[in-house]
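*Asks:* Give me a model of this one.
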Amino acid sequence: MIISTIASHSALQIMMGAKKEGFKTRLYVSPKGKSFYSSLPIVDDLRVTANMEEILSDDGIIVPHGSFVAYLGIDMIESSKAKFFGNKRFLKWETKFELVDKILQKADIPQVESFDLDEVRGDELYFVRIEGPKGGSGHFIAYGHELEGKLKDVKENYRIEHFVDGVFIYVHFFYSPILERLELFGVDERLVIADANKRMPFKDLPYTIVGNKSIALRESLLPELYDYGLAFVEAMEKLEPPGVIGPFSLHFAYDGEFRCIGFASRIDGGSNAKHWYSSLYWGEEIMMGQRVAKEIRLALDENRLDEVIT
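*Replies:* Next comes the predicted model:
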């Protein structure tokens, strides 16, 4: 059995996890990435191509990550006859504000407050979020009296949100149909270019993500987050059967209350930072890429592979 993915986002841990669980690995890489990825012994079959659509003819099990929608598009993924780990119809739910709202409301997970332009107050701060998984690119903070002018140059769909003066955390889960359990895998925070404002007077800096840091969250907060994860899984099972299979992440602003700002409907880039919560379930720290491979191995051993792929 071969585990395949595109050389981007979280491909390194997907490949490494597959090898640890005894699978062969295949990686589709653009020509500009060939020198790095060809140096890695965890890759058994490197396919150098400028056309990532080639992966849709792969005969292995494809593990999608955050670059798949950008490279391939939702329609092409959903119509593909390739075997995807997880529910490939779940991938689209993070890409549109309308779908994000639908699942969070169904799961009764509180969201950050959003506004129309004519509702904003001139002296208050707002966060403008660009629709879809874009690694923070295009997001910005502004006072209400600045918004009309700044939004004139925004060509993509956006949302004006209340600026939460708190912390932002990204909570990683894995739902296992084979074991019938939800695992809380870890929590991270994002390193963004705008973090430079901690070290200098405020400037307009981008919120583009450059990395992730693992967080050991205050333990008393974990049960509430776990319950939100359970509610999300239960709601998605009704909205997009068979529901969540494998990794996902809920993203929160916290200032004494949790309010969701979005989610990742596949392995989240923040899982590239090591998280120790996995040892609560497996007796050792493993990364999310290996957890994906373990689920595939469990499914194969029990002749239940059709329950974890679409």
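*Asks:* For the rest of this, base every contact and every neighbour count on C-alpha atoms.
*Replies:* Fine.
*Asks:* For Gly262, see how far away Tyr228 is.
*Replies:* Note on Tyr228: its distance to Gly262, by CA to CA, to the nearest Å, is 13 Å.
*Asks:* what about the stretch 201-310 of the chain, any weak spots by pLDDT?
*Replies:* 201-203, 205-206 (pLDDT under 70).
*Asks:* count of residues packed around Tyr228?
*Replies:* 20 (other CA atoms under 10 Å).
*Asks:* Spatially nearest residue to it (excluding sequence neighbours)?
*Replies:* Ile109 (6.4 Å; CA to CA, 6 or more residues apart in numbering).
*Asks:* where exactly do the strands run in the stretch 101-250 of the chain?
*Replies:* Counting by DSSP state E, counting those that start in this stretch, one finds strands in the stretch 101-250 of the chain at the ranges 114-115, 125-130, 140-143, 158-162, 167-176, 181-192, 209-215, 246-254.
*Asks:* okay, these in TSV with distance to Met1 and mean neighbour count next?
*Replies:* Putting the strands of the stretch 101-250 of the chain into TSV (distance: least, CA to CA, whole Å; neighbours: other CA atoms under 10 Å) gives the following:
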stretch	distance to Met1	mean neighbour count
strand 114-115	46	14
strand 125-130	39	21
strand 140-143	44	18
strand 158-162	42	19
strand 167-176	20	23
strand 181-192	25	20
strand 209-215	31	16
strand 246-254	18	23
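*Asks:* And the ones you listed: which comes nearest Phe68?
*Replies:* strand 246-254 (14.7 Å; CA to CA).
*Asks:* just the angle between that closest one and strand 167-176, please?
*Replies:* 160 degrees (axes from the mean of the first three to the mean of the last three CA atoms, to 10 degrees).
*Asks:* Just the residues contacting strand 246-254, thanks.
*Replies:* 85-86, 112, 164, 166-176, 229, 258-268, 288, 292, 295, 308 (CA atoms under 8 Å, 6 or more residues apart in numbering).
*Asks:* Look at Gly86 and say how many residues are nearby.
*Replies:* The tally of other residues near Gly86 (other CA under 10 Å) stands at 27.
*Asks:* which residues does it contact?
*Replies:* Contact partners of Gly86, counting by CA under 8 Å, 6+ apart, are 63, 244-246, 308-310.
*Asks:* 6 Å instead, please
*Replies:* 245-246, 308-309 (CA atoms under 6 Å, 6 or more residues apart in numbering).
*Asks:* so Ile309 bridges to which residues?
*Replies:* Phe85 (DSSP bridges).
*Asks:* What is the neighbour count of Glu148?
*Replies:* 11.
*Asks:* Please apply the same query to the one 3 residues further on.
*Replies:* Leu151 is flanked by 14 other residues according to other CA under 10 Å.
*Asks:* Also the one 5 residues further on?
*Replies:* Counted with other CA under 10 Å, residues neighbouring Glu156 total 11.
*Asks:* Would you mind giving me the confidence score for the nearest residue to it once chain neighbours are set aside?
*Replies:* Using CA to CA, 6+ apart and skipping the chain neighbours, the partner closest in space to Glu156 is Ile130 (6.7 Å). At Ile130, the model reports a pLDDT of 90.
*Asks:* Tell me if I'm right that Ile130 and Ile160 touch.
*Replies:* No. Applying CA atoms under 6 Å, one finds Ile130 not in contact with Ile160, separated by 9.1 Å.
*Asks:* what ranges do the helices span in the stretch 1-150 of the chain?
*Replies:* Assigned by DSSP state H, counting those that start in this stretch, the stretch 1-150 of the chain shows helices spanning 11-20, 34-37, 68-72, 74-79, 97-106, 144-151.
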